[in-house]
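Q: can't give you the sequence, but here's the structure:
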């Protein structure tokens with residue numbers, strides 16, 4: 001069983017939204033007006049930081065874009081330090097998965113510091129056999145590489161795995177990896193997730 005982290009194990013999108021909203025306003029993006037939740041869902045949520053920064057700031061040099069998303073992630077971690085909670089029913093479901101001896105990996109586009117912080121905050125730092133990061137794969141989600149890497153590490157074939165996701169890019173990645181995907185509607189509309197795969 002392969003789990004995304006942000007929005008799938010923990011309701012973190014509101015904190016990411018707030019961090020992006022604050023930092024983009026400070027930088028004068030959108031004339032200094034805060035971005036909307038709709039903008040966040042359609043252009044940011046679930047995507048890999050380098051792609052987000054390139055889309056938001058196409059004229060910036062790569063070094064400046066990297067600093068932008070590193071600053072944003074630091075802001076997110078400060079907000080998240082105030083408390084993260086597992087999604088309702090998560091603990092019971094994870095216990096059910098473990099009781100059946102199913103292999104488990106967390107697969108995320110989040111930076112390592114964020115992913116490890118979230119898993120630790122949820123008491124899940126020892127639950128998953130592997131933590132696969134999009135930034136450590138050849139290509140991040142929406143490409144299948146992170147899920148294919150997790151399957152390889154667990155010794156599984158695509159037909160032997162099940163993906164839990166909450167973003168269009170994650171759904172596309174799981175489907176492209178050949179796995180059935182269960183999409184959680186924690187941050188996206190059902191029709192958006194269905195259209196992704």
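A: That came in fine, so what should we check first? Computed from a prediction, not measured in an experiment: that's the story for all the values here. Residues are numbered from 1 along each chain as shown.

Q: any idea how far the residue of the chain positioned farthest from its centre lies from residue 196?
A: Going by C-alpha atoms, centre = their mean, the residue of the chain most distant from its centre is residue 31, 27.8 Å out. With distances taken as C-beta to C-beta, to the nearest Å, residue 31 is found 31 Å from residue 196. Heads up, the C-betas are built off the backbone N, CA and C, glycines and all.

Q: With residue 61 instead?
A: 32 Å.

Q: How about residue 62?
A: 28 Å.

Q: Residue 61 and residue 196: which is more packed in?
A: For residue 61 versus residue 196, neighbours defined as other C-beta atoms under 10 Å are more numerous around residue 196 (21 against 9).

Q: quick one: that one and residue 172 touch, right?
A: Yes: the pair formed by residue 196 and residue 172 meets the contact definition of C-beta atoms under 8 Å, at 5.1 Å.

Q: Give me the distance from the helix or strand residue 72 falls within to the chain's centre.
A: Assigned by DSSP states H and E, residue 72 falls within helix 62-80. Distance, stretch centre to chain centre, for helix 62-80: 15 Å (C-alpha atoms, centre = their mean, to the nearest Å).

Q: Quick check: next helix or strand after it?
A: Later in the chain than helix 62-80, the nearest helix or strand by DSSP H and E is helix 90-99.

Q: Could you tell me the average pLDDT over that next one, please?
A: Taken as a whole, helix 90-99 has a mean pLDDT of 97.

Q: got the contact list for it?
A: With contact meaning C-beta atoms under 8 Å, 6 or more residues apart in numbering, helix 90-99 is reached by 1, 9, 104, 122, 124, 127.

Q: pretty sure the last one is in a helix, no?
A: Just to be clear, that refers to residue 127. No: looking at residue 127 with DSSP: H, G, I helix; E, B strand; the rest coil, it is coil, so not inside a helix.

Q: got a list of what it touches?
A: Going by C-beta under 8 Å, 6+ apart, the list of residues near residue 127 reads 94, 98, 104, 119.

Q: in this protein, which segments are predicted with low confidence?
A: Confidence mapping of the chain against pLDDT under 70 gives zero matching residues.

Q: Start from the N-terminal end of it and give the helices.
A: Here the chain has its helices, by DSSP state H, at 13-27, 37-43, 49-56, 62-80, 90-99, 112-121, 145-154, 168-176, 190-196.

Q: now these in JSON lines, with distance to residue 182?
A: Putting these into JSON lines (distance: least, C-beta to C-beta, whole Å) gives the following:
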{"stretch": "helix 13-27", "distance to residue 182": "18"}
{"stretch": "helix 37-43", "distance to residue 182": "19"}
{"stretch": "helix 49-56", "distance to residue 182": "24"}
{"stretch": "helix 62-80", "distance to residue 182": "25"}
{"stretch": "helix 90-99", "distance to residue 182": "11"}
{"stretch": "helix 112-121", "distance to residue 182": "20"}
{"stretch": "helix 145-154", "distance to residue 182": "13"}
{"stretch": "helix 168-176", "distance to residue 182": "9"}
{"stretch": "helix 190-196", "distance to residue 182": "10"}
